[in-house]
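**Student:** Build me a model from this:
(4 chains)
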Protein chains: 2
Amino acid sequence: MTIQTKVTTEELSSVLKLLGEKTRLSIMQYVYERELCVCELVELLSMSQPAISQHLRKLKDAKLVQEKRRGNWVYYKINDEHQVYYVIEKILNELPSIEDKLQELERQNLLCK
Amino acid sequence: MTIQTKVTTEELSSVLKLLGEKTRLSIMQYVYERELCVCELVELLSMSQPAISQHLRKLKDAKLVQEKRRGNWVYYKINDEHQVYYVIEKILNELPSIEDKLQELERQNLLCK
DNA sequence: TTATAATATAAGCATTTACTTATATAGGGG
DNA sequence: CCCCTATATAAGTAAATGCTTATATTATAA
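**Tutor:** Take a look at the predicted model:
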């Protein structure tokens, strides 16, 4: 049995506001599928590095993602222990798979390390 | 079996952006529970009538709510045929019940008609 | 230590947003 | 028809937002 912890409207809306931005929702989708470093996300989303970093900062501050440094690279993955992770999963599962884009990245040897 | 129709990241993020605002998320919560007119929402949320109307306009444009006029009053209810209604329900179910607030409104005879 | 690569942060800016106040519209009752 | 009530819309504004460019930080490698 799953304990349903209720959140406040403010807490939930602040999470939804973060997901309610195309780039950030994409980032969430990617780091839900697998751990990725900043430069990989820059490639995948075709956006500038500062833009991606700033989005990641917001997601990290909201504890929606976790970071781990490995040498020069900082890897991000989804935080599956977030208070409303259950909802976040439902949201991300509505989106079509991005597996092909990740494979394309591998094929082009653009993966870091 | 439920057919899982995938939406684009843009479509989904635009819905989440609308829900990612405290007042609008509250409105959705209320019209999910029952049909309400504008002046009732004004009471419940303690906000100005134009502010509520403008939020309702956005929700209506996104087909998240449906409206029906009855005399002077315009009633709004959730659109349970929205493309991602399944997700919207999951989101709203995370929030604590607002039943008590609706009862309080009734008790004070603030319900229209 | 110096150079280089990956990432983060700061500052600036154009756009969007959520309200306000004022006014328009629409329907019901006299 | 006129008046009143409920709602919608318009215009204005302060604050928030998502980018850009420039620079700082951090770790690795020479």
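
**Student:** can we go C-alpha only for contacts and neighbour counts from here?
**Tutor:** OK.

**Student:** in chain A, which segments are predicted with low confidence?
**Tutor:** Applying pLDDT under 70 to chain A picks out residues A:1-5, A:109-111, A:113.

**Student:** Contact residues of it facing DNA strand D?
**Tutor:** Selection of chain A residues close to DNA strand D by Cα under 7 Å from any atom of the strand yields A:18, A:21, A:23, A:47-48, A:50-52, A:55, A:70-72.

**Student:** Name the nearest residue to the residue nearest the centre of chain A, ignoring sequence neighbours.
**Tutor:** By Cα atoms, centre = their mean, the mean C-alpha position of chain A lies nearest to A:Met28, the distance being 2.4 Å. Once flanking residues are discounted, A:Met28 sits nearest to A:Ile78: 6.8 Å by Cα to Cα, 6 or more residues apart in numbering or on different chains.

**Student:** List the contacts of that neighbour.
**Tutor:** A:28, A:31-32, A:35, A:64-66 (Cα atoms under 8 Å, 6 or more residues apart in numbering or on different chains).

**Student:** cutoff 7 Å now
**Tutor:** Each residue near A:Ile78 by Cα atoms under 7 Å, 6 or more residues apart in numbering or on different chains is listed here: A:28, A:31-32, A:64-66.

**Student:** Counting neighbours, which of those comes out on top?
**Tutor:** Highest neighbour count within the contacts of A:Ile78: A:Met28, with 25 neighbours (other Cα atoms under 10 Å in any protein chain shown).

**Student:** so A:Gln29 sits in a helix?
**Tutor:** Yes: using DSSP: H, G, I helix; E, B strand; the rest coil, the secondary structure at A:Gln29 is a helix.

**Student:** Okay, helices next: where are they in chain A?
**Tutor:** A:9-19, A:22-33, A:38-45, A:49-61, A:85-93, A:99-107 (DSSP state H).

**Student:** could the ones you listed go into a markdown table alongside distance to B:Leu12?
**Tutor:** What follows is these, written out as a markdown table (distance: least, Cα to Cα, whole Å):
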| stretch | distance to B:Leu12 |
| --- | --- |
| helix A:9-19 | 9 |
| helix A:22-33 | 8 |
| helix A:38-45 | 17 |
| helix A:49-61 | 18 |
| helix A:85-93 | 8 |
| helix A:99-107 | 19 |
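
**Student:** Could you check how far stretch A:39-58 is from the centre of its chain?
**Tutor:** 11 Å (Cα atoms, centre = their mean, to the nearest Å).
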